[in-house]
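*Asks:* Dropping the sequence and predicted coords here.
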Amino acid sequence: MNMMSGIYKNIIIIGANSAGLAAANQARRIDAGLDIKVFEKGNYISYGSCSLSYYISGIIERIDSLLNYPPQYFMEKRNIQVFTRQRVNSVNTFKKEIIVNTDYAGGFTDEKFSTVYNYDRLVICSGASPVLFNIEGIHSKNVFFFRSVEDAINIRSFIEKNSPEHAVITGGGYIGLLAAEALAHKGLKLSIVELKDSIFSDYEPEISGIMQSAVTGAGVNLITGSRLSRINANSNGICYSATVENLRQNHGENLEIDAGIVIMAAGIKPNTSFLKGSSVELDSRGAIKVSHKQQASHPNIFAAGDCCLVKNIVTKSYDYFPTAGNAIKSGRVAGANAAGEDDIYAGSAGTQVEKIFGYEFARTGISLKEANEYMFNPIKVSGQFSSHVGVFSPSEKISIVIIVDKNSRKLLGAQMAGKAGVGKRIDVFATAITAEMTVDDLYMTDTSYAPYISTVPDAVNAICGKAVLLLKK
Ligand SMILES: Cc1cc2nc3c(=O)[nH]c(=O)nc-3n(C[C@H](O)[C@H](O)[C@H](O)COP(=O)(O)OP(=O)(O)OC[C@H]3O[C@@H](n4cnc5c(N)ncnc54)[C@H](O)[C@@H]3O)c2cc1C
């Protein structure tokens with residue numbers, strides 16, 4: 001660690017979760033003399049968003065178990081000042097200052113009581129928020145979003161106090177499904193309303209079909225090709241049903257379903273409204289445009305995590321991949337560079353894994369549709385393989401789809417679903433994509449074998465072997 005402070009004396013970071021705290025820690029590792037301040041609008045910092053659904057279900061009993069470090073930890077151990085309930089309202093890139101308002105329990109202060117802080121370098125790690133919908137009844141007391149610690153506390157508390165029987169969840173992506181699984185665990189009957197014709201519509205049909213069967217097999221009423229058009233509430237502002245419009249019908253056929261609680265999980269958008277009027281460039285969805293050094297369009301401003309774009313390592317274009325891994329890695333690079341380093345973040349393959357309703361599903365790289373859009377010459381190869389040799393303990397079937405470029409023979413994408421063995425293998429595919437390996441390389445990669453753990457050859461080698469044969473034809 002450099003004990004002499006460099007030319008940048010003070011760094012301000014907006015947001016104190018995955019990306020923001022990764023940036024703060026990395027900046028401190030680079031320069032012990034920096035003044036580092038982190039502003040967080042919420043009450044909580046360093047929380048495990050990815051485990052919030054297990055708090056709702058009760059599998060994790062206490063919310064404290066998800067709070068990794070309190071603000072004092074950062075002050076005492078790292079000399080980083082973390083301020084909670086402090087919302088950054090605007091950024092003035094010319095004066096190099098931010099305007100901050102405080103939440104004194106019960107709401108943020110009026111803008112005239114704002115405080116101004118100057119920065120040498122600013123790191124924006126403000127994350128994302130659920131997309132808001134302007135439909136009737138959306139402000140009912142039992143309609144919740146699912147993103148923050150507060151959301152998880154409010155959802156569980158409402159269920160435990162009011163024992164609703166039916167829940168309606170909008171959005172059949174992984175956040176909606178994590179909420180669905182948590183509520184099913186609490187004994188609620190569930191309906192999921194999904195706009196597209198299938199849940200997990202960004203997966204190949206071979207994989208989204210498996211997830212669809214897993215969800216309906218768990219007793220969930222899945223309503224696809226439809227949208228939530230109204231939430232019906234009583235005079236106390238408590239909703240009791242939801243109206244769903246079937247978009248497959250020409251004029252939309254309305255369906256009314258019971259809803260003692262509604263969870264809105266139909267997408268997220270970057271938290272960047274406080275940058276309005278600044279010179280920081282955003283894309284059409286509001287994500288901050290950054291370079292491979294996490295530098296925004298302004299030289300003293302860096303960004304990381306769910307508030308910004310990231311380079312897609314397959315297509316080389318800039319994409320939006322809101323994952324924890326991306327947030328932490330891009331946060332470290334942003335923090336280091338804000339402190340004066342010259343680090344590069346190579347980018348992301350958009351790798352994801354989740355376990356929902358007993359099934360693991362995962363993806364990395366691009367889909368067939370994306371491969372065609374980006375003018376590759378792709379083929380899709382799919383197959384079912386065993387998780388391990390089933391002699392000693394029952395094995396599970398793993399469905400794998402890979403996308404391969406016929407010209408270069410490089411692996412472009414992989415997706416998988418199954419009850420076991422998915423997580424280990426998707427990381428092999430992610431590594432192969434990062435290293436730009438061909439299917440021939442991965443077919444012959446020396447994967448491990450033991451009967452309890454894998455097959456020989458492993459499913460990863462086997463699907464690539466299938467691709468190699470197809471490419472010979
Ligand atoms: C329920 C759930 C489950 C998930 N599961 C997974 C998973 O299994 N795997 C995975 O890879 N990813 C998962 N994710 C996504 C992952 O949590 C995010 O990608 C990651 O947290 C992004 O980190 P971030 O720091 O960029 O943003 P955030 O975590 O959103 O943090 C941003 C912080 O900035 C604060 N902030 C915003 N605006 C301001 C402002 N104006 N002033 C001050 N502070 C501000 C916010 O309050 C927030 O605390 C999950 C997310 C959710 C919600």
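*Replies:* Nice, thanks for sending it over.
*Asks:* Next, the closest residue to Met437 other than its chain neighbours: secondary structure please.
*Replies:* Of all residues not flanking Met437 in the chain, Leu411 sits nearest, at 6.2 Å (CB to CB, 6 or more residues apart in numbering). For the C-beta atoms, the positions are set from N, CA and C on the backbone; glycine is no exception. Assigned state for Leu411: strand (three-state reduction, DSSP: H, G, I helix; E, B strand; the rest coil).
*Asks:* What's the local residue count around Ser114?
*Replies:* 17 (other CB atoms under 10 Å).
*Asks:* Contacts only, for it.
*Replies:* The contact partners of Ser114, by CB atoms under 8 Å, 6 or more residues apart in numbering, come to Asn89, Ile99, Val100, Asn101.
*Asks:* do Glu360 as well
*Replies:* Val353, Glu354, Met416, Ala417, Gly418, Lys419, Ala420, Gly421, Val422, Gly423.
*Asks:* Thought Ala362 was touching the first one, still the case?
*Replies:* The one in question is Val353. Yes: if you go by CB atoms under 8 Å, Val353 and Ala362 touch, sitting 3.9 Å apart.
*Asks:* I'd like the distance between the closest residue to Lys419 other than its chain neighbours and Gln415.
*Replies:* In this structure, Lys419 finds its nearest non-sequential neighbour in Glu396, 4.1 Å apart by CB to CB, 6+ apart. From Glu396 across to Gln415, the span is 17 Å (CB to CB, to the nearest Å).
*Asks:* So these two - more neighbours on which side?
*Replies:* Gln415 (29 against 17).
*Asks:* Paired strands for the helix or strand that contains the more buried one, with orientation please.
*Replies:* According to DSSP states H and E, Gln415 maps onto strand 411-418. Partners of strand 411-418 in the sheet, by DSSP bridges, are strand 359-365 (antiparallel), strand 397-405 (antiparallel).
*Asks:* can you put the ones you listed in CSV and add distance to Leu178?
*Replies:* Putting those into CSV (distance: least, CB to CB, whole Å) gives the following:
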stretch, distance to Leu178
strand 359-365, 12
strand 397-405, 21
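*Asks:* Relative to the ligand, which of those strands is closest?
*Replies:* Of all the strands paired with strand 411-418, the one in closest proximity to the ligand, counting by CB to the nearest ligand atom, is strand 359-365 (10.5 Å).
*Asks:* and after the closest one, which helix or strand comes next?
*Replies:* Once the chain leaves strand 359-365, the next helix or strand it forms, by DSSP H and E, is helix 368-373.
*Asks:* Any idea how far that next one is from the middle of the chain?
*Replies:* Chain-centre distance of helix 368-373: 22 Å, with CA atoms, centre = their mean, to the nearest Å.
*Asks:* Only C-alpha atoms, please: export the next helix or strand after it in CSV.
*Replies:* Toward the C-terminus, helix 368-373 is succeeded by strand 378-386 as the next helix or strand (DSSP H and E). Backbone C-alpha positions of strand 378-386 (Å, rounded to 0.1, in the frame of the first residue of the first chain) are rendered in CSV as follows:
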residue,chain,number,x,y,z
PRO,A,378,-23.7,-19.8,-35.2
ILE,A,379,-25.0,-23.3,-34.6
LYS,A,380,-26.8,-24.4,-31.5
VAL,A,381,-26.0,-27.8,-30.0
SER,A,382,-28.1,-29.3,-27.2
GLY,A,383,-28.2,-32.5,-25.2
GLN,A,384,-28.9,-34.2,-21.9
PHE,A,385,-26.2,-35.6,-19.7
SER,A,386,-25.8,-37.1,-16.3
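*Asks:* Name the strands paired with strand 378-386 and say parallel or antiparallel.
*Replies:* The pairing partners recorded for strand 378-386 under DSSP bridges are strand 397-405 (antiparallel).
*Asks:* Buried residues, the partner strand. List them.
*Replies:* In terms of neighbour count (16 or more other CB atoms under 10 Å), strand 397-405 has its buried residues at Ile398, Ser399, Ile400, Val401, Ile402, Ile403, Val404, Asp405.
*Asks:* Tabulate the residues you listed (TSV), appending pLDDT and distance to the ligand.
*Replies:* Shown next, in TSV, are these (pLDDT from 0 to 100; distance: CB to the nearest ligand atom, whole Å):
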residue	pLDDT	distance to the ligand
Ile398	96	19
Ser399	98	20
Ile400	98	20
Val401	98	21
Ile402	98	21
Ile403	98	21
Val404	98	25
Asp405	98	26
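*Asks:* got the residues of the stretch 201-350 of the chain near the ligand?
*Replies:* Asn271, Phe274, Gly305, Asp306, Pro322, Thr323, Ala324, Gly325, Ala327 (CB under 6 Å from any ligand atom).
*Asks:* Could you identify the most distant pair in those residues?
*Replies:* Greatest spatial distance among those (CB to CB): Phe274 and Gly325, at 25.7 Å.
*Asks:* Which one of these two is surrounded by more residues?
*Replies:* Using other CB under 10 Å, the more surrounded residue of Phe274 and Gly325 is Phe274, with 19 against 15.
*Asks:* Am I right that that one is in a strand?
*Replies:* No: checked against three-state DSSP, Phe274 lies outside a strand; its state is helix.
*Asks:* tell me the contacts of it?
*Replies:* Ile14, Val88, Asn89, Ser90, Val91, Ser126.
*Asks:* okay, now the second one: neighbour count?
*Replies:* By that I understand Val88. For Val88, the count of nearby residues is 24 (other CB under 10 Å).
*Asks:* Show me the beta-bridge partners of Lys397.
*Replies:* Bridge pairing for Lys397 - DSSP bridges - gives Ser386.
*Asks:* Hmm, Gly390 and it touching each other?
*Replies:* No: with contacts counted by CB under 8 Å, Lys397 stays clear of Gly390, the gap being 10.2 Å.
*Asks:* Tell me the residues that contact both of Val353 and Ala362, please.
*Replies:* Val422, Gly423, Ile426.
*Asks:* Just to check, the last one is in contact with Ala362?
*Replies:* Yep, that's Ile426 we're talking about. Yes: using CB under 8 Å, Ile426 is in contact with Ala362, at 3.8 Å.
*Asks:* what touches both of the two?
*Replies:* Common neighbours of Ile426 and Ala362 (CB under 8 Å, 6+ apart) are Thr351, Val353, Met416.
*Asks:* ok, those residues vs Ser51, which is closest?
*Replies:* Distances from Ser51 to the shared contacts of Ile426 and Ala362, taken by CB to CB, are shortest for Val353, at 14.1 Å.
*Asks:* from the contacts of Ser114, which ones fall inside strands?
*Replies:* Asn89, Ile99, Val100, Asn101 (DSSP state E).
*Asks:* Show me what the third one bridges to in the sheet.
*Replies:* Using DSSP bridges, the bridge partners assigned to Val100 are Val88, Thr115.
*Asks:* count of residues packed around it?
*Replies:* When neighbours are defined as other CB under 10 Å, Val100 has 22 of them.
*Asks:* Ok, the second one next?
*Replies:* The criterion is other CB under 10 Å. On that basis, Ile99 has 16 neighbouring residues.
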